[in-house]
Each structure stands twice: as structure tokens, then as C-alpha cells.
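*Asks:* Provided below for reference: sequence and predicted model.
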Amino acid sequence: MPKMFLLEVSYFMVLSTAFTSIISVLLLLAVSRQLWSFRWRMTKDRTCKLPLPNGSMGWPLFGETFHWLLQGSSFHISRREKYGNVFRTHVLGKPVIRVTGAENIRKILLGEHNLVSTQWPQSTRIILGANTLVNSIGDLHKQKRKILAKVFSHAALETYIPRIQGVVRTEVESWCVNQGSINVYPSAKALTFRIAVRVLLGLSVEDDYLDYLSKTFEQLMENLFSLPLDVPFSGLRKGIKARDILHECMEKIIVDKLQQNQSEEYSDALDYMLSSAKENGNELNIKELKESAVELIFAAYSTTASASTSLILQLMRHPSVAEKAKQELVSQGLNGHRAHFKSCEDGNSLPTVIIPEASAEKRGTHEESNSTTKTKPQKGFELTHHTTSGPPCTMPATVEEGLYSCHQPYLSLEKLSQLHYLDCVVKEVLRTLPPVSGGYRTALQTFELDGYQIPKGWSVMYSIRDTHETAAVYQSPELFDPDRFGTEREEGKAGRFNFIPFGGGIRSCIGRKLAQIILKIIALELLNTARWELATPTYPKMQTVPIVHPVNGLHVCFNYLNSHEESNVSQKL
């Protein structure tokens, strides 16, 4: 009996000790969390009577970082619904004010250099360099932006368009001749890298070396946001190594350009940059030019690839939108000049390309190749352009830059400006799936926002995606509806900061017009050249951090349109 009593007492003591320990830990956590929250409440500006925004600072040291990583976009949505358009949190070791809404964002974007200053991680500043536009502030930023303005001027964009079209055409045709499915996002990154290197920088290299540079740049991008520890095998060290390889390549190009006699004709962005620097009395040194060249690739790479992938995704999801865009191309005479590849009966002969007119109605007959092969044409084959008036015309062509295919006549800014519905499609893609979900700034001084104080030194993150989704100016914002940007509704013009895929103010994306041109050309080439179908049972979910892209990829099977499909579009008009 005494043994049983002692055993029961022992069990009771163990349970009591365990219960006490659990309660003690919970109390300790609760107290530490309150002290952590109190610590940040004490950082408010005492000279300002306004309160801090509502919100939670999470747990000591970690804040709400784990919640943010695990919940993704739903993290901000749930807290916005609970606390409002301006709330505070603590992620990645810093207190952050999250901001949504056109008027709130307007104050932040127009307050650059006064209320707020741009903020990039230290690793980004080290890898990209202090002389780049993204890392410069104040007068230096104004000077850099003035120099780069000529790179994206009307005259410069006009010279880029034919070569962009050629690069895009080659890529689309490679998708069509591929026997399997294409993972669109990596392919889009390869495409935008090729555009940046060959069109903007004017670099002519073999495909193998271009692939090597692309992989090197991908390594730079993967380590752009890393711990600022320059030690062996660290992310920062890998990023620096990739940057140095790219700088070595860029230096060879730049030295060649500087040694050449400067003429009035410009062929690429580097030419415009050198000319603009001279006009503004700023001779750029080799280091500045190398950093600017890599920054041009950086600016055109991930975000444009993300938007291109989203464009293809939305065209697939909404076939009626794609059909309407095709009809606009027909009405503007920008369709139907697509290459049909005929297989070679003789293995030693070169393939011939038959290029039909815009529609069967125009040519009077229905022509279609009897045999089509998914084999990429070789360099040096001939293009045969069959018309209803006169004999076929032939011209030499090469696979390089897509020059082997005649498609529609080369585009211009004027022709692209006539594609009003396609412009609406691109805008709606950027509204629903902006490549970058937001931007970061640091408060230079305490200021008021939506009835709250934003303390000096705190990080401010403005949300592009949330603002697009919640703006009252958009009817049924959850729907993909390009017509909302049409002349009859013009929802996008109701407020300047309701549509901000490229940011705003003096920090707005300087290459936004070029990005939109690339998206339009991709859409035009796809609509004129290909039909597509999803290679997976369902559409992928989209990950929004750090760049919007499909989870596990967007896998699509592309094939050439046949003549019957082309003529059907024409006959609907």
C-alpha cells in the first residue's frame, strides 16, 4: 500500500512539474512577445502625436518572417483585411510598414529623396555596383537617369524593334519545332537575355557562348539577395564571381566601341549611352560602363520574362481574348505572313519556305504544305515568297536572329501604336500579374500616412499587386478583362497611381516602354505563328515572391498554325 501511494505521488509530481514547466515557457513566450512589441512601440517618434499603424511585430528576433515565408501572398492579404491598408509587421530582421492604396502609394513614390529613399540589400549594392542607376541617390541618380533617357528614347526604340522582332521570331519558331513541351518561364528568361545582349548591347557571339553568359548571369541573379558575407562558397562570393565574368566580357565590347570612330548612327544601347554621356558633359569610365551594361541586362531580364510568361498564361486561359487580338492583327494587315516549312525530299538539298498571303480570300486559293516537318531550317536556305501576282521571289536568309522567315513586314512604333486592343491585353496582364509585387523604401524623416506616423528609419513596402486588386476604379477586378482599358471605359485613367506595374515618380522604370514593346511583339509573333495547348492537367499556381512566376513551371506544347486556321480568322472579319 505505501508503495502504491509513493508511486501515485511520484506520478503527480512529474505531471505537476511538466505542467509548471509548460506554463512557465508559455508565460515566458508571452512576456517576451509583449516586451518585443513594447520595444518597437518605443521607437515611435515622440514629437509626433499620431499613433503607429496597427499590426503585429511577431516573435522576438524572428518577427513574422516564418509566417511570411510559409503563407506567401496570403500573409499580406490576411493582415490587410485585419488591420487595413497601412499596417506594421517585422520581417527579415526589420520593422516594415506595408502600404496599399493609390493615394498612400502616391505620397511614397512622389516623396523620393525627400520623405523616403530607395532601399536595396547590401549584397545587391555590392554585386551590381555603386555606379548603377538602382543604387544611386540624389543628384547622382538624376544624372544617371538623364544619361539613360536617350537609351530608351523614341528614336532608340525605333532602331531596336526590327532586331527584337527577329530574336523573338527565332525563339517562337524554336518552340514550334520542338517535339516536346516548353517550360515557358526558363525559355522566356533565355529570350529576354538574348534580347538584352544582342539588341541592347550589340553583342554578336555564338549560341554556345551566349548560353554560357546566360548561365553566368543566372548565377548572379540567384545570389543578388544574399547575406553580405564575402567568404568562400557564400552566395555573395558566387555573385561577385559571376559579375566579374560578365564585366570581363562587357569590357571587350566597350573597348572596341571606344576605339571606333564615333558616327552619327547608333546601333545599340551602348552607343546611345556613350553619346548621351558626352552630350551631358559626363565621360563615363570603363567601370561605370561595365556596371551600366550589366544593369541593362538586369533590368530587361527577370521582370520582362515574368510578364512574358504571364502574357502566354493569360492568352491560354482566355481564348476569346486571343481570338479578338488575332482579329485586330488581321484588320491592321499584320497577320498571315507565316513561314511553312517543307520537308526536303533530297537529304542534301536545303528546305524551302512557302509564305502565304494574309488570307485565303485575298489570294483566291487555299494553299497548304503537303508535308510539314518539325526540323529547324539550316543557315543559308532560301525563302520563297509565293504571291498571286508574278513569280515567286527568293532571297538569301539565315537562321540568325530569325531572318530566315518573312512573317509580316517588320514592325515600327507607329504600327504597334495602332494595335489598341493588344495594348489593352498587355496592360491587363500587368494589372493582374505585375512582375514585381511591390517596392521597398526607407523613411528619411517621420511623416503621416493614412492617419498614422511612419517613423524615421523604418522600412516602407508599397504593394503594387494589392493596390491593383483593391482599387475601386476597376469593375470586377478579379476578372481578366482587357476592355477595361479600352476607350469606352478607360478605367486605368481614373487615377494615376491605380495602375503602377512600373512604379512611379522619379524611380519609375525607365525601360517601361521597351518592356511593353517586347510583350506586344511576343504576343504578335505567337498569335501569327503558333497554336498552343497546356501540357499539364491544370494551370500552375503563381508564386509572387520575389518575381511572379509559375510554381513548377508553365509547360506548353507549341505548334505551327496551318493555313486553314489562319484563313478562319480572316473570314470572321
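*Replies:* Looks like it came in fine.
*Asks:* Next, the contact list for the residue lying closest to residue 90 once chain neighbours are set aside, please.
*Replies:* With CB to CB, 6 or more residues apart in numbering as the criterion, residue 90 has its nearest non-adjacent residue at 2.9 Å, and that residue is residue 63. C-betas here are computed from N, CA, C, even on glycine. By CB atoms under 8 Å, 6 or more residues apart in numbering, the residues touching residue 63 are 57, 89, 90, 91, 92, 93, 95.
*Asks:* The closest residue to the fifth one other than its chain neighbours: neighbour count?
*Replies:* Take residue 92 and drop its neighbours on the chain: the residue closest to it by CB to CB, 6+ apart is residue 65, 5.8 Å away. Residue 65 sits with 17 neighbouring residues when counted by other CB atoms under 10 Å.
*Asks:* For residue 65, list the residues it contacts.
*Replies:* Contacts of residue 65 (CB under 8 Å, 6+ apart): 58, 90, 91, 92, 93.
*Asks:* And residue 271, by the same measure?
*Replies:* 202, 257.
*Asks:* in the helix or strand hosting it, what counts as buried?
*Replies:* Using DSSP states H and E, residue 271 sits within helix 269-279. Burial within helix 269-279, assessed by neighbour count using 16 or more other CB atoms under 10 Å, is assigned to 269, 270, 271, 272, 273, 274, 275, 276, 277.
*Asks:* Show me the strands in the stretch 251-400 of the chain, by range?
*Replies:* 340-341, 352-354, 382-385, 393-396 (DSSP state E, counting those that start in this stretch).
*Asks:* So which residues of the stretch 51-200 of the chain form strands?
*Replies:* Under DSSP E, counting those that start in this stretch, the stretch 51-200 of the chain gives strands at 86-91, 94-99, 116-118, 182-183.
*Asks:* Show the average pLDDT along the second one.
*Replies:* When pLDDT is averaged over strand 94-99, the result is 91.
*Asks:* Paired strands for that strand, with orientation please.
*Replies:* strand 86-91 (antiparallel), strand 459-463 (parallel) (DSSP bridges).
*Asks:* Tell me, how many residues neighbour the residue nearest to residue 301 when sequence neighbours are not counted?
*Replies:* Nearest-residue entry for residue 301: residue 192, 5.4 Å, with adjacent residues in sequence omitted and distances by CB to CB, 6+ apart. Close neighbours of residue 192, defined as other CB under 10 Å, add up to 27.
*Asks:* Same question for residue 13.
*Replies:* Neighbours around residue 13, by other CB under 10 Å: 10.
*Asks:* excluding its backbone neighbours, what's nearest the residue nearest the centre of the chain?
*Replies:* Residue closest to the average C-alpha location in the chain (CA atoms, centre = their mean): residue 303, at 1.4 Å. Nearest residue to residue 303, sequence neighbours excluded (CB to CB, 6+ apart): residue 435, at 4.0 Å.
*Asks:* Kindly confirm my reading that the one you found is in a helix.
*Replies:* No - Residue 435: not assigned to a helix; according to DSSP: H, G, I helix; E, B strand; the rest coil it is coil.
*Asks:* how about it, phi and psi?
*Replies:* Main-chain torsions, residue 435, degrees, to the nearest 10: phi -60, psi -40.
*Asks:* now do residue 555
*Replies:* Dihedral angles (degrees, to the nearest 10) for residue 555: phi -100, psi 120.
*Asks:* Which positions within stretch 238-254 qualify as buried?
*Replies:* Those would be 238, 239, 240, 242, 243, 245, 246, 247, 249, 250, 253, 254, for stretch 238-254 by 16+ other CB under 10 Å.
*Asks:* so who does residue 232 touch?
*Replies:* Residue 232 neighbours (CB under 8 Å, 6+ apart): none.
*Asks:* Would you mind measuring from it to residue 86?
*Replies:* Distance, residue 232 to residue 86, using CB to CB, to the nearest Å: 43 Å.
*Asks:* Count the residues that sit near residue 141.
*Replies:* Using other CB under 10 Å, residue 141 has 19 other residues around it.
*Asks:* Do I have it right that it meets residue 506?
*Replies:* Yes - between residue 141 and residue 506 a contact is recorded at 7.4 Å, counting by CB atoms under 8 Å.
*Asks:* Overlap of the contact sets of the two?
*Replies:* Both residue 141 and residue 506 are contacted by residue 113, under the criterion CB under 8 Å, 6+ apart.
*Asks:* State the distance from residue 484 to residue 471.
*Replies:* From residue 484 to residue 471 the distance is 11 Å (CB to CB).
*Asks:* quick one on the thing from earlier: put the buried members of the contacts of residue 65 into a PyMOL selection.
*Replies:* Typed into PyMOL, the line below selects the buried ones among the contacts of residue 65, using 16+ other CB under 10 Å:
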select buried, resi 58+90+91
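*Asks:* Quick check on the residue nearest to residue 486 when sequence neighbours are not counted: phi, psi?
*Replies:* Sequence neighbours aside, residue 424 is the residue nearest to residue 486 in space, at 5.6 Å (criterion: CB to CB, 6+ apart). Dihedral pair for residue 424: phi -70, psi -40, per degrees, to the nearest 10.
*Asks:* how deep is residue 424 tucked in, by neighbour count?
*Replies:* 23.
*Asks:* out of all of them, which helix in the protein is the longest?
*Replies:* The single longest helix within the chain, with elements called by DSSP state H, is helix 2-41.
*Asks:* got the buried residues for it?
*Replies:* 36, 37, 40.
*Asks:* what's near enough to touch the second one?
*Replies:* Residue 37 makes contacts with 56, 57, as judged by CB under 8 Å, 6+ apart.
*Asks:* Next one: it from residue 99, what distance?
*Replies:* For residue 37 relative to residue 99 (CB to CB), the value is 21 Å.
*Asks:* where along the stretch 401-550 of the chain do the helices fall?
*Replies:* Along the stretch 401-550 of the chain, the stretches classed as helices by DSSP state H, counting those that start in this stretch are 413-417, 420-432, 464-470, 512-529.
*Asks:* swap that for the stretch 151-300 of the chain, sorry
*Replies:* 154-177, 184-195, 207-222, 235-259, 269-279, 286-300.
*Asks:* In a markdown table, list those helices along with mean pLDDT and distance to residue 17.
*Replies:* Converted to a markdown table, those look like this (pLDDT from 0 to 100; distance: least, CB to CB, whole Å):
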| stretch | mean pLDDT | distance to residue 17 |
| --- | --- | --- |
| helix 154-177 | 95 | 67 |
| helix 184-195 | 96 | 55 |
| helix 207-222 | 92 | 49 |
| helix 235-259 | 89 | 45 |
| helix 269-279 | 87 | 71 |
| helix 286-300 | 89 | 58 |
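*Asks:* do you know which of those helices lies nearest residue 494?
*Replies:* helix 154-177 (27.2 Å; CB to CB).
*Asks:* Low-confidence bits of the chain, can you list those?
*Replies:* Filtered on pLDDT under 70, the chain yields the residue ranges 1-12, 14, 261-266, 336-409, 563-573.
*Asks:* measure the closest residue to residue 113 other than its chain neighbours to residue 271 for me?
*Replies:* The shortest distance from residue 113 to any non-neighbouring residue, by CB to CB, 6+ apart, is to residue 138 (6.0 Å). Applying CB to CB, the value for residue 138 to residue 271 is 28 Å.
*Asks:* Check residue 57 too.
*Replies:* 51 Å.
*Asks:* what are the phi and psi angles of the residue nearest to residue 161 when sequence neighbours are not counted?
*Replies:* Of all residues not flanking residue 161 in the chain, residue 411 sits nearest, at 5.4 Å (CB to CB, 6+ apart). Main-chain dihedrals, residue 411, degrees, to the nearest 10: phi -80, psi 170.
*Asks:* just residue 44 next, same as before
*Replies:* Here residue 44 shows phi and psi, under degrees, to the nearest 10, equal to phi -60, psi 150.
*Asks:* contacting residues for it?
*Replies:* Applying CB under 8 Å, 6+ apart, we find residue 44 in contact with 51, 52, 453, 455.
*Asks:* hey, what's the third one bridged with?
*Replies:* Pointing back at residue 453 there. residue 448.
*Asks:* about what we covered before: relative to strand 86-91, how tilted is the longest helix of the chain?
*Replies:* In terms of direction (axes from the mean of the first three to the mean of the last three CA atoms, to 10 degrees), helix 2-41 departs from strand 86-91 by 120 degrees.
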